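K.L.:
Following is a predicted model, sequence given first.
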Amino acid sequence: MAGQRKARSVASDAPDLVRPRVGRRERNKQEKLARIVGAARKLFSERGFAETTTQQIAEAADIGTGTLFLYARSKEDLLVMVFSDEMLETARAAFASVDDAAPLLDQLMQVFSSMLAYHERDPDLARILLKEVMFPDGVGRTADISELLKVIFAGLAELVAKARDAGRCRQDAPPLMVAENLFANYYMDLLSRLGGRTSGAQFNSRLRQHLAITINVPA
């Protein structure tokens with residue numbers, strides 16, 4: 001997503017001749033959702049999260065406040081709606097660009113460095129966003145975050161499994177469990193970086209050491 005949330009299409013990969021048409025009501029819902037997400041992202045970026053109100057978002061999206069709350073219960077919901085797809089794309093792009101010939105530790109650092117770069121574009125907003133990612137409230141927000149974490153864990157587990165099969169990392173733990181631990185290492189170091197407690201160089205050094213311990217390889 002580049003500023004607008006992707007519409008959940010009812011169409012499948014069926015040929016155009018048999019693809020069901022989207023009704024007018026569904027099109028209107030998708031258009032409103034796109035306007036809401038676009039307005040929220042613009043205002044969050046320009047004014048900051050704290051200074052943006054739901055009324056301002058509704059006005060910018062040309063809808064009533066009551067209509068806005070049919071799509072999102074709160075500003076926090078809107079924040080996750082705005083950025084969940086972008087974070088998904090960032091994660092998928094990071095895994096797709098991994099050097100298959102590189103050691104596992106270097107692959108992990110490449111993936112997590114890409115994720116850090118995304119959050120460093122707007123550290124203030126990232127701090128709020130990460131809180132919502134870890135403590136979701138609401139069915140819609142939980143589903144978005146679960147999808148994101150599923151992609152990240154699966155990508156990490158695949159890297160771990162390949163390295164394990166090649167005898168390049170620890171053999172005594174399920175790849176998915178290792179992946180969850182790796183992400184936990186990254187998340188804690190990310191909080192330190194975004195909180196201003198570590199520099200970029202310190203983040204890289206600490207994360208590399210933490211990851212190396214988890215996969216049982218030299219840092």
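P.N.:
Okay, I see it.
K.L.:
Figure out how far the helix ranked longest in the chain is from the centre of its chain.
P.N.:
Assignment by DSSP state H gives helix 139-165 as the longest helix of the chain. Here the centre of helix 139-165 is set off from its chain's centre by 11 Å, with C-alpha atoms, centre = their mean, to the nearest Å.
K.L.:
For it, name the packing helices and strands.
P.N.:
Judged by 3 or more C-beta pairs under 8 Å, 6 or more residues apart in numbering; DSSP states H and E, the packing partners of helix 139-165 are helix 75-96, helix 104-119, helix 123-134, helix 175-194. The C-beta positions use only the backbone N, C-alpha and C, and glycine is treated the same way.
K.L.:
in the third one, what's buried?
P.N.:
When you say that, I think you mean helix 123-134. 125-126, 128-129, 132-133 (16 or more other C-beta atoms under 10 Å).
K.L.:
Can you name the residues in contact with it?
P.N.:
With C-beta atoms under 8 Å, 6 or more residues apart in numbering as the contact definition, helix 123-134 has outside contacts at 44-45, 48-49, 76, 79-80, 83, 119-120, 141, 145, 148, 187, 190-191, 194-195.
K.L.:
domain ranges for this protein?
P.N.:
For the chain, whose domains are defined here by automatic domain parsing, the residue ranges read 1-71, 73-215.
K.L.:
So which of those is the most surrounded?
P.N.:
Burial of the domains of the chain is given as mean neighbour count (mean count of other C-beta atoms under 10 Å); domain 73-215 ranks first at a mean of 17.
K.L.:
Endpoints of that one, how far apart?
P.N.:
From the first residue to the last, domain 73-215 extends over 41 Å; the measure is C-alpha to C-alpha, to the nearest Å.
K.L.:
The residue nearest the centre of the chain - nearest residue in space that isn't next to it in sequence?
P.N.:
Note on the chain: the residue nearest the mean C-alpha position is Met87, at 2.9 Å, using C-alpha atoms, centre = their mean. Excluding the flanking residues, the one nearest Met87 by C-beta to C-beta, 6 or more residues apart in numbering is Leu148, at 5.6 Å.
K.L.:
before we move on, back to that, format the buried residues of helix 123-134 as JSON lines; extra columns: pLDDT and distance to Ala163.
P.N.:
Compiled in JSON lines, the buried residues of helix 123-134 are given as follows (pLDDT from 0 to 100; distance: C-beta to C-beta, whole Å):
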{"residue": "Leu125", "pLDDT": "88", "distance to Ala163": "34"}
{"residue": "Ala126", "pLDDT": "91", "distance to Ala163": "29"}
{"residue": "Ile128", "pLDDT": "88", "distance to Ala163": "35"}
{"residue": "Leu129", "pLDDT": "86", "distance to Ala163": "30"}
{"residue": "Glu132", "pLDDT": "79", "distance to Ala163": "32"}
{"residue": "Val133", "pLDDT": "76", "distance to Ala163": "27"}
